[in-house]
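> sharing a sequence plus its predicted fold:
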Amino acid sequence: MTLLLGCIADDFTGATDLANNLVRAGMRVVQTIGVPAQPLAAEVDAVVVALKSRTIAPAEAVAQSLDALRWLQAQGARQIYFKYCSTFDSTPEGNIGPVTEALMDALGCDFTIATPAFPDNKRTVFKGYLFAGEVLLNESGMEKHPLTPMTDPNLVRVLQAQTQRKVGLIDHAVVARGPMAIRERIAALRAEGAGIAIVDAVSNEDLLRLGPALAGMPLVTAGSGVAIGLPANFGIAPSAGAAALPASDGLGAVVSGSCSLATNRQVRAFIAAGRPALAIDPLRIAAGVDVAAEALAWAAPLLQDGPVLVYSTAESGAVKSVQGQLGVEEAGAMVERTIAAIARGLVERGVRRLVVAGGETSGACVQALGIAQMQIGAQIDPGVPWCHAQAEAAGGAGLHIALKSGNFGTDDFFTKAFTFLE
C-alpha cells in the first residue's frame, strides 16, 4: 500500500479539521486516535494521526510526534504534514517549533514552510502577521486563552523564538505571482540560510497557488488550510464519494468544554432556541460531588425529545476565577475528565449522534468512548465534519461524532449540526 499523505495533528479537533479539508479535495481519509499499534488496513489516500500534544511538555510532544512519523513511514507515506491550530498557539515554551525541527531532522529535511492560514474560518496571514477576522490575533480574544494565550501576532517572531533554524517569510507579493515565484523565493531563503518560512495567505486562491510549490517537499507544516491545495499534486480531484458515511440513527447530544468566544455564543444560541442545557460547576466537582452522575440523570428523560447540551463553557473572567482557586492545570483536567465521563454515559444510554466542542475536551472524550479511528464525512461548517466510528462505549456499534474546535462554527452550530444527518 502506498499512502500518499501522512499527517500528524497536535489535537483531536485539529485532526478532523485537516481530514475534512482533504476529504473535500477528494482524498479518502481515516483519522486514528493516537499512533496505531497495527499496520493500516483501510484503502485510503491519507491518514491523520490525532495526538493530544499541543499543551504537553515539548519533549513529550516531540516523542509522540516522532512515534507517529515512524508509523506513517512504515505505511509508505510519501509526504508528511504536521498540523497545528489556525491560531498558531501552543505552550509558551513552544511545541510547534520543537516538533517541526524534530520532524525535519528525522526526515533529513533542510527546509519547510509554516502557515496557519485558513481563510474559510477567517484566519489569514499578511506580512507574516496572523489575523483572526478583521483584527490581529492578539486582539481577537486569543490573548486571554486560559491555556495558550497568544499575545504576539508576528508569526516570524513567534516561531523564531521556538526554533534554532532561521525563520524567513514568503510574503503575499510573492504568493500572488504563483507557484514558480514561490519556489524561487524558497530557493533564495535556503541560500540565505533559512530553514523555515512563514507563508502569507489571505484567500483560498493563495493556498491553491501554494499547493503546487509544495509538491515533493518531505515535510509541510501548517494549519488545515494548506490541505486544499495538496491532493491535486497526487492527481486527485474533488469527489462527493470521498465524504460518504453510513446512515445515522439514535439519540443526539452535545458536550462542550471549550471556553472560546465562538463556543460561548453557540451555547447561548442553543439555550435561546429552547433546547435543554446543563452547566457544569468545576467547584462542585472539586468538592467531591459526582457531577457526571447528576448530569446523566438530568439528561436521561430529555434525550427522546431531541439533542441536549452539557457544558462547562464560561466567560474568561469566570474561568480565571476557577483557575485561581483550583490551579490552571487541575481545573482543566478535572473538567475534561468529568465531561468525558458524561460523553461515555450518554453513548451508553443510546446517543449515536454526538457533538463535542473543544480540542482538549475532544481528546478526552474520544479516548473515554474507546474510539480507535474515524472515517471522515462531509463538513457541517468550515473545519468541522461529521465522522463515523466504532465506539467501545456503544458496544461496538457505529457512532456519528463531530469534534469542533472551540473557535470554529456559526452561532447556531449546535442545532444546525443535527440537521445534516436527517
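Thanks, I have the structure now. Numbers count the residues shown, from 1 in each chain.
> give the next helix or strand downstream of the lowest-mean-pLDDT helix or strand in the chain.
None of the helices or strands of the chain scores lower by mean pLDDT, DSSP states H and E than helix 316-326, at a mean of 67. Using DSSP states H and E, the helix or strand that follows helix 316-326 in sequence is helix 328-348.
> list the buried ones in that following helix?
Using 16 or more other CB atoms under 10 Å as the test for burial, helix 328-348 gives 331-332, 334-336, 338-347. For the C-beta atoms, the positions are set from N, CA and C on the backbone; glycine is no exception.
> what about the stretch 251-400 of the chain, any weak spots by pLDDT?
Within the stretch 251-400 of the chain, the stretches with pLDDT under 70 are 314-320, 322, 326, 328-329.
> partner strands of the helix or strand hosting Met374, with direction?
Assigned by DSSP H and E, Met374 belongs to strand 371-381. Strand pairing for strand 371-381, determined by DSSP bridges: strand 29-33 (antiparallel), strand 384-391 (antiparallel).
> which of those strands is buried the deepest?
strand 29-33 (a mean of 24; mean count of other CB atoms under 10 Å).
> excluding its own residues, what touches it? List them.
With CB atoms under 8 Å, 6 or more residues apart in numbering as the test, strand 29-33 has contacts from 12, 15-16, 19, 22-23, 40, 42, 44-50, 242, 366-367, 371-376, 387.
> now, which of those residues lie within helices?
Residues of those located in helices (DSSP state H): 12, 15-16, 19, 22-23, 366-367.
> can you pull out the strands in the stretch 201-350 of the chain?
Assigned by DSSP state E, counting those that start in this stretch, the stretch 201-350 of the chain shows strands spanning 219-222, 251-256, 277-279, 308-311.
> got these as a markdown table, with distance to Pro153 columns?
Output for the strands of the stretch 201-350 of the chain, formatted as a markdown table (distance: least, CB to CB, whole Å):
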| stretch | distance to Pro153 |
| --- | --- |
| strand 219-222 | 17 |
| strand 251-256 | 27 |
| strand 277-279 | 33 |
| strand 308-311 | 29 |
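> next, format those as CSV and append mean neighbour count.
Converted to CSV, these look like this (neighbours: other CB atoms under 10 Å):
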stretch, mean neighbour count
strand 219-222, 24
strand 251-256, 25
strand 277-279, 16
strand 308-311, 25
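> out of these, which comes closest to Ser90?
The closest of the strands of the stretch 201-350 of the chain to Ser90 is strand 219-222. By CB to CB, the value is 12.2 Å.
> show me what the closest one is packed up against.
When contacts are defined as 3 or more CB pairs under 8 Å, 6 or more residues apart in numbering; DSSP states H and E, strand 219-222 packs onto strand 79-83, helix 96-107, strand 112-115.
> partners of it, with directions?
strand 79-83 (parallel), strand 112-115 (parallel).
> now render these as JSON lines, adding mean pLDDT and mean neighbour count.
Formatted as JSON lines, those follow (pLDDT from 0 to 100; neighbours: other CB atoms under 10 Å):
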{"stretch": "strand 79-83", "mean pLDDT": "98", "mean neighbour count": "25"}
{"stretch": "strand 112-115", "mean pLDDT": "98", "mean neighbour count": "26"}
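> list the contacts for Ala389?
For Ala389, the contacting residues are 369, 371-375, 398-399, 401, by CB under 8 Å, 6+ apart.
> partner residues bridging it?
Ala389 has these beta-bridge partners by DSSP bridges: Met374, Leu399.
> any low-confidence regions in the stretch 51-200 of the chain?
Residues of the stretch 51-200 of the chain that meet the cut-off, pLDDT under 70, sit at 91-92.
> ok so, going back, what's in contact with the strand holding Met374?
In contact with strand 371-381 (CB under 8 Å, 6+ apart) are residues 16, 19-20, 22-24, 29-33, 36, 243-245, 385-392, 399, 401-402, 408-410, 413, 416-417, 420.
> that one vs helix 12-24, what angle?
Strand 371-381 runs at 70 degrees relative to helix 12-24, counting by axes from the mean of the first three to the mean of the last three CA atoms, to 10 degrees.
> with the ones in helices among the contacts of strand 29-33 in mind, which one is nearest to Leu210?
Closest approach to Leu210 among the ones in helices among the contacts of strand 29-33 (CB to CB): Leu22, at 15.4 Å.
> that closest one: neighbour count?
For Leu22, the count of nearby residues is 29 (other CB atoms under 10 Å).
> correct me if wrong: it contacts Ala227.
Yes - look at Leu22 against Ala227 with CB atoms under 8 Å: they come within range, at 5.1 Å.
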